[in-house]
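Asker: Need a 3D model of the following:
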Amino acid sequence: MRHNAAIYLLSSRVLLLEQCLRNLHKNWNHKYEYPIHVHYFDDIYQDNFIEKINNTISKKIFFHKIDYKIPDHIDEKELFYNKTHIPYVKKSFPKERLGYLHGERFWLNLTSYGKIGCIVKDLEKYDYLMRIDDDSNFKNKIDFDLFDALRDNPFATAYMYNRYTDRVRDTRLGLWDFYKNYLKKFNYSPKNSILRKAVSEDNELMMHKLYWTAGNCNLYNILEFKKKPWEEYQNELNNFGGHYKNRWGDLETIGLFCYTHFDKEPYNYDLKEKGLYDDKFPTFLSAYAPGVGEHKKLNVHNFFLKRWLYSLFYFIQNFLKKRK
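Answerer: Numbering: from 1, shown residues only. Next comes the predicted model:
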């Protein structure tokens, strides 16, 4: 039975999106034709590209250019890239990565339909939503409906992990204190026993070592989220602005909500281990996500030269891979 569901993503990797959509269609969605809504910042997708996607992959792929801005209540000086005392910022998060912070607003706001920097109003009519990235690699045939798990679960994912590194630490600063204050403010107790113990012992490390969902391929039962105080929690996150100030990820912020309010843990399809899915393509292009306004900073000649070079490298990598 086909579900009332849709797939959505925020895209900036122009050179990977087409392959992502082709793999998704060929290896899974051709059986279901769930609509796909591609969101993007700036004028990076032209009409001829969109027509090509619709004519050669599916007519049910829709493109939406969306606006973005730093929320009015957040001072630019508070943004994550200004915190150069943090090792990850100093090494890898310059001001040019502001677009990623706008991305975190997009991914965190599951139900802020039509608001600046968020998913479009078109998605409001769906009971289930799947969030992917533009380098999500559906690399082999999936012969079942991924949305089926949401019949009995509020949340599902392609895979889970509990890796805790210095980089992860640097992108969760302040999250533990925010979470404890959230629980205290509304008098909530986590339903997850490990998280409940972490709170009672004030053991932040236990929170970090929870299993987290993929993020790049998550499925949400929006009906179940709305039965819980999701809007309240979403507002608390937006008001605090940790996704802009500290680069908090959606997989942690949404994950904490689920571990707090749902009896069931996220349903894990374990698609990575089964060889059906990967969170990136085997190319350096997956590591490169252009920032907002980047195409405007380059002159036209350099912009298209850069795109041509990336396309050439991608072709060479695929060619060499096939010869092995």
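Asker: where along the stretch 201-324 of the chain do the helices fall?
Answerer: 204-208, 222-227, 230-240, 242-245, 250-261, 294-297, 300-323 (DSSP state H, counting those that start in this stretch).
Asker: So, low pLDDT: which residues of the stretch 101-250 of the chain?
Answerer: Within the stretch 101-250 of the chain, no stretch has pLDDT under 70.
Asker: what are the pairing partners of the longest strand along the chain, and which direction each?
Answerer: In the chain, taking DSSP state E as the definition, the longest strand is strand 5-11. Strand 5-11 has the following strand partners under DSSP bridges: strand 36-40 (parallel), strand 128-132 (parallel).
Asker: Which strands border the next helix-or-strand element following the last one, and is each parallel or antiparallel?
Answerer: Meaning strand 128-132. Per DSSP states H and E, the first helix or strand lying C-terminal to strand 128-132 is strand 137-138. If you go by DSSP bridges, strand 137-138 pairs up with strand 277-278 (antiparallel).
Asker: Just name the most buried of the strands paired with strand 5-11.
Answerer: Mean neighbour count (mean count of other Cβ atoms under 10 Å) peaks for strand 128-132 among the strands paired with strand 5-11, with a mean of 24. C-betas here are computed from N, CA, C, even on glycine.
Asker: Now do that one: everything it contacts.
Answerer: 3-9, 20, 24, 34, 107, 110, 123, 146-147, 150, 215-222 (Cβ atoms under 8 Å, 6 or more residues apart in numbering).
Asker: got the angle for the helix or strand His25 falls within vs strand 5-11?
Answerer: Applying DSSP H and E as the criterion places His25 in helix 14-27. Angle, helix 14-27 to strand 5-11, by axes from the mean of the first three to the mean of the last three Cα atoms, to 10 degrees: 160 degrees.
Asker: for helix 14-27, what is the average pLDDT?
Answerer: For helix 14-27, mean pLDDT rounds to 96.
Asker: In this structure Tyr220 contacts Leu110, no?
Answerer: Yes - at 6.1 Å, Tyr220 counts as touching Leu110 under the criterion of Cβ atoms under 8 Å.
Asker: Going by how many neighbours each has, rank those two and give me the top one.
Answerer: Tyr220 (25 against 22; other Cβ atoms under 10 Å).
Asker: how about the strands of the stretch 51-200 of the chain, start to end?
Answerer: 61-65, 128-132, 137-138, 155-157, 160-161 (DSSP state E, counting those that start in this stretch).
Asker: any chance of these in JSON lines, with distance to Val292 too?
Answerer: Below are those laid out as JSON lines (distance: least, Cβ to Cβ, whole Å):
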{"stretch": "strand 61-65", "distance to Val292": "12"}
{"stretch": "strand 128-132", "distance to Val292": "20"}
{"stretch": "strand 137-138", "distance to Val292": "24"}
{"stretch": "strand 155-157", "distance to Val292": "28"}
{"stretch": "strand 160-161", "distance to Val292": "28"}
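Asker: Compare those and give me the one nearest Arg169.
Answerer: strand 160-161 (15.2 Å; Cβ to Cβ).
Asker: can you list the residues that contact that closest one?
Answerer: Residues contacting strand 160-161 (Cβ under 8 Å, 6+ apart): 211-214, 266, 268, 270.
Asker: Return the list of strands paired to that strand, each annotated with direction.
Answerer: strand 212-213 (antiparallel).
Asker: and Phe144, how many neighbours?
Answerer: 10.
Asker: Please disregard the earlier target; I meant Phe147.
Answerer: 23.
Asker: Make 3 the starting number, not 1.
Answerer: Fine by me, first position is 3 from now on; the one you just mentioned is Phe149.
Asker: ok, it touching Asn6?
Answerer: No - if you go by Cβ under 8 Å, Phe149 and Asn6 don't touch, sitting 9.2 Å apart.
Asker: Nearest to Leu177, out of the strands of the stretch 53-202 of the chain?
Answerer: Comparing the strands of the stretch 53-202 of the chain by Cβ to Cβ, strand 162-163 comes nearest, at 17.3 Å.
Asker: Asp45 and Leu112, how far apart?
Answerer: Per Cβ to Cβ, to the nearest Å, Asp45 is found 27 Å from Leu112.
Asker: go on, Lys229?
Answerer: 14 Å.
Asker: And Glu226, how close does it get to Asp45?
Answerer: 37 Å.
Asker: who has more neighbours, the two?
Answerer: Glu226 (19 against 9).
Asker: what's near enough to touch the closest residue in space to that one that isn't next to it in sequence?
Answerer: Among residues not flanking Glu226 along the chain, Pro156 sits closest, at 3.7 Å (Cβ to Cβ, 6 or more residues apart in numbering). Pro156 is in contact with 222-223, 226-227, 260, 264, 266, counting by Cβ under 8 Å, 6+ apart.
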